[in-house]
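*Asks:* Kindly return the folded structure for what I paste below:
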Amino acid sequence: MKTLTADGRLLFATRLARLFAYGFLAVVLVLYLAQAGLSEAVVGLLLTLTLIGDTVISLWMTTRADRFGRRRTLIIGTLLMLFAALLFAGTQEFIPLLIAATIGVISPSGNEVGPFLSIEQAALSQIVPDRERTHVFAWYNLVGSFATAFGALCGGGLAQLLQNNGITPLNSYRAIVIGYGLMGLLLLLIFTRLSAKVEAPSPPTRAEPPRGTLPHGQRGALGLHRSRRVVFKLSALFSLDAFAGGFVVSSFVAYWLNVRFGAEPGALGAIFFAANILAGISALMAARFAKRLGLINTMVYTHIPSNILLILVPLMPTLSWAVLMLLLRFSISQMDVPTRQSYTMAVVDPDERSAAAGVTGVARTTGAAISPSITGALMSYPLLLNVPFYLAGGLKIIYDVLLYRSFKAIKPPEERV
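*Replies:* Take a look at the predicted model:
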């Protein structure tokens, strides 16, 4: 925290509040929609449309944030989060829920959605030195994982407490949705306190650009110029990784544990609390690994074992063993997150960072948007209940191999010395 400016501390606070809200809701979201009378296939479709809506809106907002204003873009994103909470809490009808899912900001996985992460990464990269960037990103992800963990624990625990005191499951889950909206109000207040230092710098004049790129400062439709090729290549790979991860979003894993082993909401909250705590610690360890191995090597060498553990989860005979495999997986699964974020910010020009983070983030959201509808369809058949875990683990390993082959030779500034 001593490394951070006042704006940096505020950005850490928004990360904490937002991820708490996401974890608070994600652990009961599918259970809430099921109690509202929606089938597994319809829930999967709704979550897919949620992520597609987030993708389109995030792409439009993040690729313009450096010109329109980062602070204003963040505030608008918070208003969309509030809009989604109001409609989800106020109706059980599919069409209003569809509108809220498509336009608003709802996280079915407990992970980042919307324009927030991309813009905050760009702002943090601007206010910390290169040598500290991965370390700061590691702590940034640690804060997020811990916040998601406490959110999941509180969401599952509160739902269980309300049900134990005579509240119907539907209304207990609705209380969680209302709490999600209240956290959105807190976010709005924090974003208004950011200073002008988080805004994008003016692009400096440079020499003739490499062939196939736009001149420096002359932006394309996505707000990129010299870094377009690298960003598009990273985006394609990140999209594959996210597509694989979309098969096992937290909401569906919680539902799977409930159906397969009868896990109650309180137990689910505790499980995802522990999982996200471990994920946060693994993200913090990533900075140390990256200093020794490099960013790309850290991403790949830690990601492959975590995906093998993911494949093992449905093969376990009891809840205890399945949870153990899940927790072991989370203990190393997030080491690629701060390294991925840091690498993306390192290999693009400073005035392209919001756009680069936005494009790669939207690529991830797009990939993740498709798979929940497939997962919902698969989970509606008992014999196919475990298939999403196998698909997720296998595709993620393919992503790791492709990423290593494509980017092992492209070094960030701190690794070129």
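
*Asks:* Residue 366 versus residue 183, what's the distance?
*Replies:* Here residue 183 is placed at a distance of 26 Å from residue 366 (Cβ to Cβ, to the nearest Å). (C-beta placed from N, C-alpha, C; glycine too.)

*Asks:* right, I mislabeled it, should have said residue 283
*Replies:* Here residue 283 is placed at a distance of 23 Å from residue 366 (Cβ to Cβ).

*Asks:* More neighbours: these two, which one.
*Replies:* A count of neighbours by other Cβ atoms under 10 Å puts residue 283 above the other of residue 283 and residue 366, at 27 against 22.

*Asks:* Give me the nearest residue to the more buried one, chain neighbours excluded.
*Replies:* Leaving aside its sequence neighbours, residue 283 sits nearest to residue 141 (Cβ to Cβ, 6 or more residues apart in numbering; 3.7 Å).

*Asks:* what's the spacing between the one you found and residue 148?
*Replies:* 10 Å.

*Asks:* The two: which is more packed in?
*Replies:* residue 148 (33 against 26).

*Asks:* I'd guessed that one sits against residue 25; true?
*Replies:* No - Residue 148 is beyond contact range of residue 25, at 10.4 Å (criterion: Cβ atoms under 8 Å).

*Asks:* Now do the shared contacts for those two.
*Replies:* Common neighbours of residue 148 and residue 25 are listed as residue 110 (criterion: Cβ atoms under 8 Å, 6 or more residues apart in numbering).

*Asks:* And the strands in the stretch 101-250 of the chain?
*Replies:* Counting by DSSP state E, counting those that start in this stretch, the stretch 101-250 of the chain has no strands at all.

*Asks:* Low-confidence ranges, it, go.
*Replies:* Applying pLDDT under 70 to the stretch 101-250 of the chain flags the ranges 109, 202-223.

*Asks:* And the helices in it, which stretches?
*Replies:* Taking DSSP state H, counting those that start in this stretch, the helices of the stretch 101-250 of the chain run over residues 116-127, 130-164, 169-191, 228-245, 250-261.

*Asks:* what's the answer for the stretch 301-417 of the chain, then?
*Replies:* 319-333, 336-346, 353-379, 387-407.

*Asks:* Include mean pLDDT when you put those helices into TSV, please.
*Replies:* TSV is the format used below for the helices of the stretch 301-417 of the chain (pLDDT from 0 to 100):
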stretch	mean pLDDT
helix 319-333	91
helix 336-346	85
helix 353-379	81
helix 387-407	93
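
*Asks:* so which of those comes closest to residue 134?
*Replies:* Taking Cβ to Cβ, helix 336-346 is the member of the helices of the stretch 301-417 of the chain nearest to residue 134, at 4.1 Å.

*Asks:* Any chance you could list what contacts that closest one?
*Replies:* 121-122, 125, 130, 133-134, 137-138, 140-141, 231, 234, 238, 283, 286-287, 289-290, 295-296, 298-300, 302-303, 353, 356-357, 360, 407, 412-414.

*Asks:* Filter those down to the buried ones.
*Replies:* 121-122, 125, 133-134, 137-138, 140-141, 231, 234, 238, 283, 286-287, 289-290, 295-296, 298-300, 302-303, 353, 356-357, 360, 407, 412, 414 (16 or more other Cβ atoms under 10 Å).
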